[in-house]
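1. let's see this in three dimensions:
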Amino acid sequence: MNRKRLGLLAVAFVLVIGLMEVLALKVGSLEFSLPDKKPAVADKT
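-> Numbers count the residues shown, from 1 in each chain. Purely as a prediction, here's the structure:
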């Protein structure tokens, strides 16, 4: 595997991880929690 292909693979991997992070944030903000559980809020300390 040459360096160019390895670099492209690394960039694609980083983009996929970033996309998964964004999707996780969007899904987490939809509040799919059970009715008896309170959604986790980060501002309240």
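2. what score does F32 have for pLDDT?
-> pLDDT recorded at F32 is 56.
3. same thing with K44?
-> pLDDT at K44 comes out at 58.
4. same thing with G28?
-> Confidence score, pLDDT, at G28: 70.
5. that one: neighbour count?
-> G28 has 12 neighbours, counted by other C-beta atoms under 10 Å. The way it works is simple: take the backbone N, C-alpha and C, and place the C-beta from them, glycine included.
6. check the spacing between it and R3 real quick.
-> 37 Å (C-beta to C-beta, to the nearest Å).
7. then A24?
-> Taking C-beta to C-beta, one finds A24 at 31 Å from R3.
8. with neighbour numbers in mind, choose between those two.
-> A24 (10 against 7).
9. quick one: which helix or strand includes that one?
-> helix 3-28 (DSSP states H and E).
10. now N2. Its backbone dihedrals?
-> Main-chain torsions, N2, degrees, to the nearest 10: phi -80, psi 170.
11. measure it to A12 for me?
-> 15 Å.
12. tell me which of the two has more neighbours.
-> More crowded of N2 and A12, by other C-beta under 10 Å: A12, with 10 against 6.
13. any idea of the pLDDT on the more buried one?
-> Value for A12, per-residue pLDDT: 96.
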